[in-house]
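> return a 3D structure for these sequence lines:
(chains A, B and C)
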Amino acid sequence: MKLSELAARIDGEFTGNGDLEITGIAGLTEAVAGDLSFLANSKYAAALAATRASAVIVSRDWAGDSPCAVIRVQAPDRAMALTAELIGTLPKAEVAVGSHPSSVIHPETDIDPTVRIGPLCVVERGAVIQAGTLLVAGCYVGREAVIGRDCVLQPHAVVRERVILGDRVILHEGAVVGGDGFGNYRENGAWKKIPHIGTVEIGADSEIGVNSAVDRARFGKTVVGKGVKVDNLVMIAHNCQIGDHTAMAAQVGISGSTNIGTGVLLAGQAGLAGHLTVGDGAVVGAQAGVTKNVPQATYVTGYPAMPHRKAAQSHANLMRLETWKKRVTLLEAKLAALEERLAADERICD
Amino acid sequence: MKLSELAARIDGEFTGNGDLEITGIAGLTEAVAGDLSFLANSKYAAALAATRASAVIVSRDWAGDSPCAVIRVQAPDRAMALTAELIGTLPKAEVAVGSHPSSVIHPETDIDPTVRIGPLCVVERGAVIQAGTLLVAGCYVGREAVIGRDCVLQPHAVVRERVILGDRVILHEGAVVGGDGFGNYRENGAWKKIPHIGTVEIGADSEIGVNSAVDRARFGKTVVGKGVKVDNLVMIAHNCQIGDHTAMAAQVGISGSTNIGTGVLLAGQAGLAGHLTVGDGAVVGAQAGVTKNVPQATYVTGYPAMPHRKAAQSHANLMRLETWKKRVTLLEAKLAALEERLAADERICD
Amino acid sequence: MKLSELAARIDGEFTGNGDLEITGIAGLTEAVAGDLSFLANSKYAAALAATRASAVIVSRDWAGDSPCAVIRVQAPDRAMALTAELIGTLPKAEVAVGSHPSSVIHPETDIDPTVRIGPLCVVERGAVIQAGTLLVAGCYVGREAVIGRDCVLQPHAVVRERVILGDRVILHEGAVVGGDGFGNYRENGAWKKIPHIGTVEIGADSEIGVNSAVDRARFGKTVVGKGVKVDNLVMIAHNCQIGDHTAMAAQVGISGSTNIGTGVLLAGQAGLAGHLTVGDGAVVGAQAGVTKNVPQATYVTGYPAMPHRKAAQSHANLMRLETWKKRVTLLEAKLAALEERLAADERICD
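Prediction:
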């Protein structure tokens, strides 16, 4: 694709030779002639200076120099995404419309004729799978589950009984939606299982990452809202409610019945106790341990999680303790000297 | 089911109309007319006041008001579990007795005729599967593995060579029991693999959560006791010994050869170093990092984990450092003033 | 095998009866007559004193007493590994050369005739699998993936499109290589997916643990070097570069575009932010939260991670705050007394 055409299709303005042929996409340091690259983070300005790419996408307000043609865009991330769709060549799993003969599909299911079910899947009685959805391979869909339109279930994804997936939901490899909630009560020193007879509902346009788990509710529903992005190895326990457009990075864990607002960000390995509320637009830092409700639009970090300014201050105080030790020791010495002197004065006075 | 009958079956005493027909179960805020609900945690008393449920299960000592019929029970959690079994309607995976024709079962296995093996499972040579056990779909059972009676292997569960599961064990989706232990030694800067030729034994009535891993021993056995409840995404390394009735929440990680007592609780994301001993009845807080042995019946938190009272005190001290800074600064000022004054006195005296 | 022969084969020197027949391997406390055991860690010297093993492997410089025959070796870990290979009896999955008829293999693939593909696997168009490689069962190999020689894919391992595995790579159960990278941009409050059209390359002799995930690059490659050992439930995000001979324990998480050097050790549950560099030979402690670059050969711990000496000092300071509180309080009292006395002196003087 010519540079000029590409620039037009990603709402960008180019400087350089518009007839330049763009043949690939690569990072600044890996790019070769013909490649388009990106400066998404000004941290990589030095890599831009040294790149062998033929063109680079930068933010409109980027003021630096470039060794190659430039396309200026309002949002480099968006431009990168559009470009990858336009000239990316990653092959996709080929799955024909209908069900692969190796799959085991219960006759009493409601599967739209446009659905594509790859090899070695299982779809149980009463399941509904709507138009355009793709099960790549080795997926399991339990009884009476309802899967919306244009969903993608990557290999080995699991959807248990009565789970509801909205349209365009993506379950990545090994993701399990509707596994049993973790709940037991003690009787004579032994744990007894509390049945979890509720289900899980995942809203449209949400994604659940590789080997992540969303457990079914005790009763009622565990709810993941619309447009929620869940990375790999994340745990969402029974009866959680996750608001729309919330995102959580890998290895986050949310305990049972916790309520997360809309547009919340949970950074990697953050852990949240159960029965909490996290307000809309809150941000929870990486590895933070949330033990109390988080007000809306609040950035919390640390263990136990607290407003970041406070956490940063207490960390700074901790780091300064060596200095404070010296000051206290000095105070003790000076005070001792004063006391000694006064005592001496008194001895003189006596 | 009538309220009076339900109350009798869960050992409860009801107040209200015993002929009331209970048609469902729901949380206090989601319940509608006909539903039974629960007050398991007094935190939700306000939700009880506003519920539209027709009846609610409360603890015998609950003294508050209720807008609907009430069943008083000694243990609400137990009553909730029994009720869910009585009137829950979640459909179960339908698996016929015998092996689904799509499964690959080695002829030299010892599988009880009552066992149900769903589609797309693999059972290798020499495996033993005892009466009443269910493999839902896509499970793998390795050579000479022994699976007890009435076990449930949820979709994609994996049991490797020679692993032993006691009766009524549940492996949730994607759980892997008997994966290779992680052990290597260094030779000329490169890692060399240490073969793990031991196995894993899981006691009766234990559960291993979604996508959790219990690794096989170097030699001998990794042992998970009886009645142990393991949540999702948990890692139990080679040669660990986990005592009976211990429970661990999601994303806990236990390093190799660590010995956990009976009735221990490990909260979410807790991590334990290797070759440690955790005494009976100990409790490890969420995200705690255990680097030393934990005595029995001790509650430890923080990183490095220490008795909770000490951890709480050191946290409180940390939070008070701003105050201490002010006190030290004030001391310095006062001392300087005193010194100045004494110096002035001396000048006067001179 | 006779003790004398075994000692010769593991480059050891024995003391005791060379004709002793060694029939098994076991830990010091579990061993019975006929077993060989190991003292790999001097912490277990008491267990050695009480062992019923017939022989024990110890380090050449071990000076203690032994109740049984002894084989002295330079590296007990290596000797243990060799011995396990020599006399271990764990059965291996039996997979015949060729593809099991239940597997779904695209006709346009390049699979060496020596390759063994077990039941219920999927191999997509254009995949290449080289000589001696084994897919145990239920594995997925995506389009144009290239798997080197003598690799092992344990049950349910997943290799997505265009991923490249070097020779002798082991993917453990449920490991997913080449899942979609986690990247989104915001548009009008909603997340939009950034396509990840790059791939993953895993070097020779590396292992990826049970249910671990290595995500594909945005473009270019996520690279795991040679001889890299990755334990279970680990997350390696898109565009990371992991140097040769690096090892990471269970539940480690590495955010996108982070660059790890060679011979690095990441202990369990450590988390690393994105776009960082960790130098060769660095060591990151368990549960550490790495937020900045780590220089080579540096040992960092804590959150935020810092050089261990500094982290230990700040922890020690924190633990000593009770003492400092007392010292400050005492200073205040003494200073108040001094001030009072001076004031009294002045009153007298007046």
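
> what about the helices in chain A?
A:3-9, A:45-49, A:76-87, A:308-319, A:321-349 (DSSP state H).

> so which of these is the most packed in?
helix A:76-87 (a mean of 21; mean count of other C-beta atoms under 10 Å in any protein chain shown). In this view, the C-beta of every residue, glycine as well, is placed from N, C-alpha and C.

> is chain C within reach of it?
Yes - Helix A:76-87 comes into contact with chain C (C-beta under 8 Å from any C-beta of the partner chain), by way of A:Asp77, A:Arg78, A:Met80, A:Ala81, A:Ala84, A:Glu85.

> tell me which residues are up against that helix.
Among residues not part of helix A:76-87, those counted as contacts by C-beta atoms under 8 Å, 6 or more residues apart in numbering or on different chains are A:1, A:6, A:9-12, A:22-25, A:36, A:38-40, A:57-59, A:71, A:73, C:183, C:185, C:187, C:192-197, C:218-219.

> and the buried ones among these, selectable in ChimeraX?
Selection command for ChimeraX covering only the buried members of these, criterion 16 or more other C-beta atoms under 10 Å in any protein chain shown:
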select /A:6,10,12,22,24,25,36,38,39,40,57,58,59,71,73 /C:183,185,192,193,194,195,196,197,218,219
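
> would you turn the helices of chain A into a markdown table with mean pLDDT and distance to A:Val159?
What follows is the helices of chain A, written out as a markdown table (pLDDT from 0 to 100; distance: least, C-beta to C-beta, whole Å):
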| stretch | mean pLDDT | distance to A:Val159 |
| --- | --- | --- |
| helix A:3-9 | 95 | 36 |
| helix A:45-49 | 92 | 42 |
| helix A:76-87 | 90 | 27 |
| helix A:308-319 | 96 | 37 |
| helix A:321-349 | 86 | 52 |
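
> just give the closest residue to the residue in the stretch 251-350 of chain A that chain C sits nearest to, not the sequence neighbours.
Per C-beta to the nearest C-beta, A:Leu321 is where the stretch 251-350 of chain A lies closest to chain C, at 3.9 Å. Nearest residue to A:Leu321, sequence neighbours excluded (C-beta to C-beta, 6 or more residues apart in numbering or on different chains): C:Asn317, at 3.9 Å.

> B:Ala247 versus A:Gly183, what's the distance?
Computed as C-beta to C-beta, to the nearest Å, the A:Gly183 to B:Ala247 distance reads 11 Å.

> ok, now A:Pro155?
Distance check for A:Pro155 against B:Ala247: by C-beta to C-beta, it reads 32 Å.

> looking at these two now, which is surrounded by more residues?
A:Pro155 (29 against 21; other C-beta atoms under 10 Å in any protein chain shown).

> isn't that one right up against C:Val158?
Yes - A:Pro155 lies in contact with C:Val158 (C-beta atoms under 8 Å); the separation is 5.3 Å.

> check contacts around the closest residue to chain B within the stretch 251-350 of chain A.
Residue nearest to chain B within the stretch 251-350 of chain A: A:Asn317 (3.9 Å; C-beta to the nearest C-beta). Each residue near A:Asn317 by C-beta under 8 Å, 6+ apart is listed here: B:Leu318, B:Leu321, B:Glu322, B:Lys325.

> figure out which of the helices of chain A is closest to B:Arg168.
The closest of the helices of chain A to B:Arg168 is helix A:308-319. By C-beta to C-beta, the value is 45.2 Å.

> tell me the phi and psi of the closest residue to A:Asp167 other than its chain neighbours?
Nearest residue to A:Asp167, sequence neighbours excluded (C-beta to C-beta, 6+ apart): A:Gly148, at 3.9 Å. Main-chain dihedrals, A:Gly148, degrees, to the nearest 10: phi -70, psi -160.

> what's the spacing between A:Ala157 and chain C?
11 Å (C-beta to the nearest C-beta, to the nearest Å).

> oh sorry, the question was meant for A:Leu134
With distances taken as C-beta to the nearest C-beta, A:Leu134 is found 14 Å from chain C.

> what residue ranges in chain A score low on pLDDT?
For chain A, applying pLDDT under 70 flags the ranges A:348-350.

> domain ranges for it?
According to automatic domain parsing, chain A comprises the domains A:3-87, A:98-309, A:320-350.

> of these, which is nearest B:Lys229?
Checking the domains of chain A against B:Lys229 by C-beta to C-beta gives domain A:98-309 as the closest, at 5.1 Å.

> start to end distance for that closest one?
Distance between the two ends of domain A:98-309: 56 Å, counting by C-alpha to C-alpha, to the nearest Å.

> ok, A:Cys240 - how many residues close by?
Residue crowding around A:Cys240 was assessed by other C-beta under 10 Å; the count is 26.

> contacts only, for it.
By C-beta under 8 Å, 6+ apart, the contact set of A:Cys240 is A:Thr222, A:Val223, A:Val224, A:Ile254, A:Gly256, A:Ser257, A:Thr258, A:Asn259, A:Ile260.

> rerun at 10 Å
For A:Cys240, the contact set (C-beta atoms under 10 Å, 6 or more residues apart in numbering or on different chains) comprises A:181, A:200, A:214-215, A:217, A:221-224, A:254-260, A:272, A:274, A:276.

> derive a PyMOL selection command for the buried subset of the residues you listed.
The buried residues among the contacts of A:Cys240 can be selected in PyMOL (16+ other C-beta under 10 Å) with this line:
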select buried, chain A and resi 181+200+214+215+217+221+222+223+224+254+255+256+257+258+259+260+272+274+276
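
> so of the contacts of A:Cys240, which ones are in strands?
The members of these that map onto strands under DSSP state E are A:Val200, A:Val214, A:Asp215, A:Lys221, A:Thr222, A:Val223, A:Val224, A:Ile254, A:Asn259, A:Ile260, A:Leu272.

> just put those residues in CSV and tack on distance to chain C.
Formatted as CSV, those follow (distance: C-beta to the nearest C-beta, whole Å):
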residue, distance to chain C
A:Val200, 20
A:Val214, 16
A:Asp215, 16
A:Lys221, 22
A:Thr222, 20
A:Val223, 18
A:Val224, 13
A:Ile254, 16
A:Asn259, 20
A:Ile260, 15
A:Leu272, 16
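
> among these, which ones lie close to chain B?
The residues of the ones in strands among the contacts of A:Cys240 that also fall near chain B, by C-beta under 10 Å from any C-beta of the partner chain, are A:Val214, A:Asp215, A:Lys221, A:Ile254, A:Leu272.

> in terms of contact, does the third one touch B:Thr29 like I think?
No - under the criterion of C-beta atoms under 10 Å, A:Lys221 lies out of contact with B:Thr29, with a separation of 11.9 Å.

> isn't A:His245 right next to A:Thr262, touching?
Yes - using C-beta under 10 Å as the test, A:His245 is close enough to A:Thr262 to be in contact (5.6 Å).

> so what's in contact with these two at the same time?
Common neighbours of A:His245 and A:Thr262 (C-beta under 10 Å, 6+ apart) are A:Gly225, A:Lys226, A:Gly227, A:Val228, A:Asp280, A:Gly281, C:Gly189.

> which one of these is nearest C:Ile105?
Looking across those and measuring by C-beta to C-beta, the closest to C:Ile105 is A:Val228, at 36.5 Å.

> now the closest one. Nearest residue, chain neighbours left out?
A:Ser206 (4.2 Å).
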